[in-house]
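coords below, sequence missing:
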Ligand code: ADP
């Protein structure tokens, strides 16, 4: 059975076609530059590729091209549309309305669109893509929406509330939502399987470290707290996002830099983080390349990241009253031995000890990097959000 997984942005539509019998990706690609001009890059499991300039005035033409490519191109992988049993869509913000994977209806799409106020960059684009996908696919093909925020809907109020007047939470829905939920859920399930334990018996800190990063405390298989907040800006320092900052510093800078709120938001999201502190790059690899050249600001950036991750691990251990495992995932978590090494050094008080030599060799493979006598197990676990979206979609349509 084939499931198409879609991750749509305002100008792009990333997709994977997954065969659920063996969970293999049989084709994947990206319809890019929607609303500008248009380009598709497509790759099949047996190595055929297609790169073509197209015309994508809207998401509808991108979906039409995607289907045509799967069916009729030199890199086709299916003979009939009917081979695609369902479509699963990644959605960034589900707020308090969606706490689980949900079947797509017109009403669901409208609600996702309404939530664009809370996620301006993403949700409206998701709604456009959902409407386009419904036009291109036969109505008999079920579609599901999987939310980045859903996993964190189990957080208790004491974790998700901000210290603002309660009526402003009620009226404007300002609270911590958390993101990367699909990734944290995927890697925590993979961890339990690798450890041969029931996730319900584990206290876990999951560190998803990429261009955007978030750290989640998982107890009894449920998210009980997470570092991202109302938006994905909060938490630890990221590629171009500042992470947690005193709100007064924001209003002060707004005045000093003579910025309006939109300009300030752009500054905090796009000009800060690794890029802003180091003035080298938003990319972790380039930060370490600069460190090897002796760049002090790059060193400071790397030190800040490792320090902030360590603080989250410590605070989440405190609130869970224990810790069984730490997970590293995302582009940095899976690949950067230096970041993992820095985080996992001098934390023996918490019971964390890693094999530093082994850690240096691990890139993107499921590996336990803690020593046999470490009280806490430390694992590198490659994330796979698309696969979990496909699994969720399959589970929902099988009901
Ligand atoms: P996104 O959040 O956009 O999905 P990724 O999860 O792909 O991002 O993570 C991107 C980050 O991972 C970048 O900072 C990049 O430098 C880092 N990264 C990727 N590969 C490596 C590597 N081999 N060594 C160190 N860092 C890496």
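Cool, the structure landed. Note that the structure is a prediction, hence the values are computed from the model and not measured.

Can you get me a residue count around the closest residue in space to residue 129 that isn't next to it in sequence?
In space, and not counting its chain neighbours, residue 129 is closest to residue 8: 3.3 Å by Cβ to Cβ, 6 or more residues apart in numbering. Every C-beta, even on glycine, is put in place using the N, C-alpha and C of the backbone. Counted with other Cβ atoms under 10 Å, the neighbours of residue 8 add up to 26.

now the strands for the protein?
Along the chain, the stretches classed as strands by DSSP state E are 2-8, 13-19, 24-32, 39-44, 49-53, 84-91, 102-103, 143-147, 203-209, 213-219, 222-226, 325-329, 367-368, 377-380.

Switch those over to JSON lines; also include mean pLDDT and distance to the ligand.
Below are those laid out as JSON lines (pLDDT from 0 to 100; distance: least, Cβ to the nearest ligand atom, whole Å):
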{"stretch": "strand 2-8", "mean pLDDT": "97", "distance to the ligand": "10"}
{"stretch": "strand 13-19", "mean pLDDT": "98", "distance to the ligand": "11"}
{"stretch": "strand 24-32", "mean pLDDT": "97", "distance to the ligand": "13"}
{"stretch": "strand 39-44", "mean pLDDT": "98", "distance to the ligand": "17"}
{"stretch": "strand 49-53", "mean pLDDT": "97", "distance to the ligand": "21"}
{"stretch": "strand 84-91", "mean pLDDT": "98", "distance to the ligand": "12"}
{"stretch": "strand 102-103", "mean pLDDT": "98", "distance to the ligand": "24"}
{"stretch": "strand 143-147", "mean pLDDT": "98", "distance to the ligand": "16"}
{"stretch": "strand 203-209", "mean pLDDT": "98", "distance to the ligand": "7"}
{"stretch": "strand 213-219", "mean pLDDT": "98", "distance to the ligand": "8"}
{"stretch": "strand 222-226", "mean pLDDT": "98", "distance to the ligand": "15"}
{"stretch": "strand 325-329", "mean pLDDT": "98", "distance to the ligand": "8"}
{"stretch": "strand 367-368", "mean pLDDT": "98", "distance to the ligand": "15"}
{"stretch": "strand 377-380", "mean pLDDT": "98", "distance to the ligand": "12"}
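
how much space between the residue in the stretch 201-350 of the chain positioned nearest to the ligand and residue 283?
In the stretch 201-350 of the chain, the residue that lies nearest the ligand is residue 331 (2.1 Å; Cβ to the nearest ligand atom). With distances taken as Cβ to Cβ, to the nearest Å, residue 331 is found 9 Å from residue 283.

Can you get me a residue count around the closest residue in space to residue 359 that isn't next to it in sequence?
Excluding the flanking residues, the one nearest residue 359 by Cβ to Cβ, 6+ apart is residue 369, at 4.6 Å. Using other Cβ under 10 Å, residue 369 has 25 other residues around it.

Now do the contacts for residue 369.
Residues in contact with residue 369 (Cβ atoms under 8 Å, 6 or more residues apart in numbering) are 340, 344, 354, 355, 358, 359, 362, 378, 379, 380.

Report the contact partners of the fourth one.
Contacts of residue 355 were listed using Cβ under 8 Å, 6+ apart, and they are 369, 370, 371.

wait, which of the residues you listed is closest to the ligand?
The ligand lies nearest to residue 369 out of the contacts of residue 355, by Cβ to the nearest ligand atom, at 15.0 Å.

Got phi/psi on that closest one?
When read as degrees, to the nearest 10, the backbone of residue 369 gives phi -110, psi 0.

Show the pLDDT at it.
The per-residue pLDDT reported for residue 369 equals 98.

Quick one: residues in contact with the helix ranked longest in the chain.
Criterion DSSP state H: the longest helix present in the chain is helix 296-320. For helix 296-320, contacts defined as Cβ under 8 Å, 6+ apart pick out 203, 205, 207, 209, 215, 217, 219, 224-225, 227, 235-237, 243, 274, 277-280, 287-288, 290-291, 323, 326, 338-339, 342-343, 347, 350, 352.

Now do the helices in the stretch 251-399 of the chain.
For the stretch 251-399 of the chain, the helices defined by DSSP state H, counting those that start in this stretch cover 261-270, 273-278, 284-292, 296-320, 330-335, 337-343, 356-361, 385-398.

and the residue nearest to residue 34 when sequence neighbours are not counted, what is it in contact with?
Using Cβ to Cβ, 6+ apart and skipping the chain neighbours, the partner closest in space to residue 34 is residue 56 (4.4 Å). Shown in contact with residue 56 (Cβ under 8 Å, 6+ apart): 31, 33, 34, 35, 36, 37, 38, 62, 65.

How about residue 80?
Residue 80 makes contacts with residue 71, as judged by Cβ under 8 Å, 6+ apart.

distance of it from the ligand?
Counting by Cβ to the nearest ligand atom, to the nearest Å, the separation of residue 80 from the ligand is 33 Å.

go on, residue 97?
Separation of residue 97 from the ligand (Cβ to the nearest ligand atom): 25 Å.

which residue sits closest to that residue, ignoring its sequence neighbours?
Leaving aside its sequence neighbours, residue 97 sits nearest to residue 111 (Cβ to Cβ, 6+ apart; 5.7 Å).

Run a quick neighbour tally on that neighbour.
18.

Kindly report the same for residue 237.
Per other Cβ under 10 Å, the neighbour tally for residue 237 reads 23.

need the contact list for the closest residue in space to it that isn't next to it in sequence.
In this structure, residue 237 finds its nearest non-sequential neighbour in residue 243, 4.5 Å apart by Cβ to Cβ, 6+ apart. By Cβ under 8 Å, 6+ apart, the contact list for residue 243 reads 233, 234, 235, 236, 237, 273, 308.
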